[in-house]
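Engineer: Got a predicted model here, sequence first, then my questions.
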Amino acid sequence: MIETALDEPGHVTELRRQLRRFVADKAPREKRRAWDRAHDWPRDLFRELAQMGICALTVPEEYGGAGRDIWAAVAVIEELTRAGPFLAGPFIHCAFYGGMNISENGSAEQKAELLPKLARGDLLFAYGLSEPDVGGDLASVKTRARIDGDFIRVSGAKRWCTGADWADYIYCLVNSDPNAPKREALSFLLIPPKTPGITITPIEHVNLRYTASCDVHFDDVRLPLSAIVGGREKWGQGWKMLAGRALDVEKLEVAAVTFGTAQAAVEEAWTYAQERVQFGKPIAAHQAIRHKLVTARTRLEACRLMLYNAARLAHEGLPCAVETSMAKLFIADTGVEIALACQQIMGAYALSDAYDMDRHVRDLLGMPIVGGSSDMQRNNLASLWRLPA
Ligand SMILES: Cc1cc2nc3c(=O)[nH]c(=O)nc-3n(C[C@H](O)[C@H](O)[C@H](O)COP(=O)(O)OP(=O)(O)OC[C@H]3O[C@@H](n4cnc5c(N)ncnc54)[C@H](O)[C@@H]3O)c2cc1C
C-alpha cells in the first residue's frame with residue numbers, strides 16, 4: 001500500500017507507484033551497497049529515470065517542463081530516497097539546484113538556454129554555498145567576485161560542494177561588493193567547473209555517499225558577464241535569491257530525503273524484528289522492541305503530515321516559510337530518533353554489511369546539519385514569530 005496525504009492528486013500517487021517499480025527492478029540492494037562503497041551513482045540508470053519526465057517537474061511549460069509541480073517533485077525525492085541517495089541525489093542536482101533555481105532566478109537568456117536541457121535531465125548543477133570558514137552564516141561568504149571590463153574575476157574557496165567534480169555548473173554564492181552592507185553584497189554565478197583556474201579536491205565523508213563532496217578553489221577565474229544569475233541587473237541581489245521561494249523548497253528537499261530514508265530504516269527494522277528470534281519468540285514480541293517499533297512508526301506519520309502539508313503550501317504558491325522551516329526542523333531531528341531506535345532494534349546486525357541500516361543511520365545523523373541546521377531553523381522560526389532577540 002502507498003500511504004499518501006488524503007488529498008494527494010492522483011497523478012502523484014501514480015508517479016509513486018511507477019518509481020517504486022523502477023527502483024525495485026533496477027536498484028536492488030546489492031547495487032545500492034556497491035554504490036555506497038564506491039561513493040558513486042549510476043549515470044545510465046539516472047538517464048533512464050529522467051525519461052519518465054521527472055526532471056521537468058520544476059520547469060515551466062514554455063521551456064519544455066511540466067509546470068511547477070512541487071507536490072510531485074517532493075514525492076519523487078521521497079520515493080527515490082527510500083532506495084538511498086543514489087538516484088535522489090542526482091535528481092535534486094538537476095531538478096532543484098538547476099531547474100528550480102533557474103526558473104526562479106535566471107535571466108531570459110539563461111532560462112531559454114538551460115531550462116529545456118534541465119527538463120530533460122541533461123544538465124546537473126552543484127551548490128556552492130558553504131566555505132571553509134562559512135557554514136550557517138552564508139551572508140559572510142568570502143569568495144570574491146569583481147567585474148573587470150567584460151569579465152568577472154573570481155577568487156576564493158568553496159567547501160562541501162557536492163558533485164563539483166561532475167556537475168555542468170556550480171551555482172555559486174559570491175561576495176560581489178565587500179563595501180556594501182552584508183545582504184547587498186552577494187551575487188550568484190553559474191560557473192562551469194572545468195574553467196581554467198579551478199581546482200577540485202574530493203573530501204572523505206560517511207554520509208550521503210552517492211558522490212564525494214568537494215573542496216573547490218578559485219584562483220583568479222575569468223567568466224563572461226553572462227555567468228551572473230539573473231543577468232547584470234541582478235548583481236548584488238544574491239541575498240534576495242537565497243532568501244526567496246527557492247529556500248523554502250530547499251528545506252523541503254532535505255525534509256523529503258530524511259523522510260524517505262527514515263521510512264526505509266523503519267521498514268528494515270520492522271521486518272527484522274519479526275524474523276529475529278530470541279528467548280523463543282520473535283524480538284517483535286518483546287515489549288521493549290514492540291514499543292520502539294510503534295513509536296518509530298508513529299513518528300514517521302507525524303513527519304509525513306508535516307512534509308505533505310508544507311509541500312502542498314509550496315505547490316500552491318502560498319506563504320510557507322514557517323511550515324517548511326518547521327518541517328525541516330522536526331523531520332531532521334525526528335529522523336535521528338528514528339535512526340537510533342531502529343539501530344538498537346537490529347542489534348549487531350545494524351552495524352553489519354548484511355543490511356542497509358548502517359547507511360540509513362549515517363545518512364539520518366547528518367540531516368539536522370545539512371541544508372540549514374536545526375538550530376538555524378529554530379533561529380529562523382523565532383524571528384518569523386517575532387520573538388525578542
Ligand atoms: C555530505 C555533505 C554534503 C554537503 N553538501 C553541500 C553542498 O552541496 N553545498 C553546500 O554549499 N554545502 C554543503 N554541505 C554543507 C552543509 O550545508 C553545512 O554543513 C551546513 O550548512 C552547516 O554548516 P557547518 O557544518 O559549517 O556548521 P556551522 O555553521 O559551523 O555550525 C556548527 C554548529 O553550530 C550551530 N550554530 C551555528 N550558528 C548558530 C547560531 N547563530 N545559533 C545557534 N546555533 C548555531 C549549528 O546549528 C551547528 O550545530 C554539505 C555537508 C555535508 C556533510
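Structural biologist: Cool, got the structure. Treat the numbers as computed from the prediction; the structure is a model and nothing was measured. Residues are numbered from 1 along each chain as shown.
Engineer: Backbone dihedrals for residue 231, please?
Structural biologist: phi 90, psi 170 (degrees, to the nearest 10).
Engineer: Please tell me how far it sits from the ligand.
Structural biologist: Residue 231 sits 23 Å away from the ligand, going by C-beta to the nearest ligand atom, to the nearest Å. Every residue, glycine included, has its C-beta placed from N, CA and C.
Engineer: can I assume that residue is in contact with residue 107?
Structural biologist: Yes. Using C-beta atoms under 8 Å, residue 231 is in contact with residue 107, at 3.5 Å.
Engineer: what's the closest non-adjacent residue to the residue of the stretch 101-250 of the chain found nearest the ligand?
Structural biologist: Closest residue of the stretch 101-250 of the chain to the ligand, C-beta to the nearest ligand atom: residue 135 (2.1 Å). Distances taken as C-beta to C-beta, 6 or more residues apart in numbering place residue 373 nearest to residue 135, at 7.8 Å, with adjacent residues excluded.
Engineer: How about the lowest-mean-pLDDT helix or strand in the chain, which residues are buried there?
Structural biologist: One helix or strand of the chain scores below all others by mean pLDDT, DSSP states H and E: helix 238-243, with a mean of 91. Neighbour counts using 16 or more other C-beta atoms under 10 Å place 238, 239, 241, 242 of helix 238-243 among the buried residues.
Engineer: Go ahead and confirm the first one touches residue 182.
Structural biologist: No. Using C-beta under 8 Å as the test, residue 238 is too far from residue 182 to be in contact (10.8 Å).
Engineer: Would you list the phi and psi of residue 122?
Structural biologist: Dihedral angles (degrees, to the nearest 10) for residue 122: phi -90, psi -10.
Engineer: burial count for it?
Structural biologist: Using other C-beta atoms under 10 Å, residue 122 has 14 other residues around it.
Engineer: and stretch 91-100, C-alpha only, in CSV?
Structural biologist: What follows is stretch 91-100 as a C-alpha-only set of coordinates in CSV (Å, rounded to 0.1, in the frame of the first residue of the first chain):
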residue,chain,number,x,y,z
PHE,A,91,17.6,14.3,-9.3
ILE,A,92,18.0,17.1,-6.7
HIS,A,93,21.1,18.4,-8.5
CYS,A,94,19.1,18.6,-11.7
ALA,A,95,15.5,19.5,-10.8
PHE,A,96,16.2,21.6,-7.7
TYR,A,97,19.7,23.1,-7.8
GLY,A,98,19.2,23.6,-11.5
GLY,A,99,15.6,23.7,-12.6
MET,A,100,14.1,25.3,-9.6
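Engineer: Wait, a helix at residue 171?
Structural biologist: No. Residue 171 is assigned strand when assessed by DSSP: H, G, I helix; E, B strand; the rest coil, not a helix.
Engineer: No further questions, thank you.
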